[in-house]
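*Asks:* Attaching a predicted model along with its sequence, questions to come.
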Amino acid sequence: MKRFVVVEASRFPDALHARCAEASFSVWLSPAGRVPSTSVVDEHLVVDVDACQDDSLLDCADVLQGSRTHSAAGALRRLADLTAAHPACGIAAVPLAGGSGGWALTGGRAGAGTGAGTGSRAGVRGSGGRAPAGGSDRAVVLVPHSLPRPYRGSADPSLLPSCVHAWLVAGRSLREWPYARDVPSG
């Protein structure tokens, strides 16, 4: 599965809105979690790593996203394998199995979301069409579904990693994602 996703930030209310041909998804942000004052438009390629056999698509994906669930420990191993095999990805995401479900996410290439190098056509309005530098790190975070519902849109939350990618495009870090939880040690 591959799809092109567009994510836009709105100010009233503060939200990231993702859409593709078959679904839409919104994440509400608190005033403290809002993206910078410029509006963000992030267009990128999402590839399902569990369904795609085309290495050229995997190598140019901005978001590598699994469709098979993993335990937290299994998800961490899968993320490490994905970013090692496809270092140009902007973000890798693996769905979590078990109680709360959700996602395990990690930042990919240095400068992810800058629009440099892959299929991403990201831009921050008001900055000459360029996304700001930074916003990427190799942090790994968990985003459970059991949080108070900050989401709306389709019943398919598979667009959440795309919203996180737009967050990185806006110059924020993965650790700053307002619904992120640290990975438990041990």
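*Replies:* Perfect, I can see it now. Since we're looking at a predicted model, the values are computed, not measured.
*Asks:* alpha carbons only for contacts and neighbour counts from here, please
*Replies:* Will do.
*Asks:* Looking at the protein, which helix is longest?
*Replies:* For the chain, the longest helix by residue count, based on DSSP state H, is helix 72-85.
*Asks:* Any idea how many residues pack against residue 98?
*Replies:* 10 (other CA atoms under 10 Å).
*Asks:* Need the three-state assignment for it.
*Replies:* coil (DSSP: H, G, I helix; E, B strand; the rest coil).
*Asks:* The residue lying closest to it once chain neighbours are set aside and residue 167: what is the separation?
*Replies:* Nearest residue to residue 98, sequence neighbours excluded (CA to CA, 6 or more residues apart in numbering): residue 71, at 7.0 Å. Residue 71 sits 25 Å away from residue 167, going by CA to CA, to the nearest Å.
*Asks:* if you count what's nearby, which of these two comes out ahead?
*Replies:* A direct count of neighbours by other CA under 10 Å for residue 71 and residue 167 places residue 167 higher, at 28 against 15.
*Asks:* helix or strand for that one, which one?
*Replies:* Here residue 167 sits within helix 160-169, counting by DSSP states H and E.
*Asks:* List the neighbouring strands of the next helix or strand after that helix plus their orientation.
*Replies:* Next along the chain after helix 160-169, taking DSSP H and E as the criterion, comes strand 181-182. Note on strand 181-182: by DSSP bridges, its sheet partners are strand 140-143 (antiparallel).
*Asks:* List of residues touching the partner strand?
*Replies:* Strand 140-143 is contacted by residues 76, 102-107, 174-175, 179-183 when judged by CA atoms under 8 Å, 6 or more residues apart in numbering.
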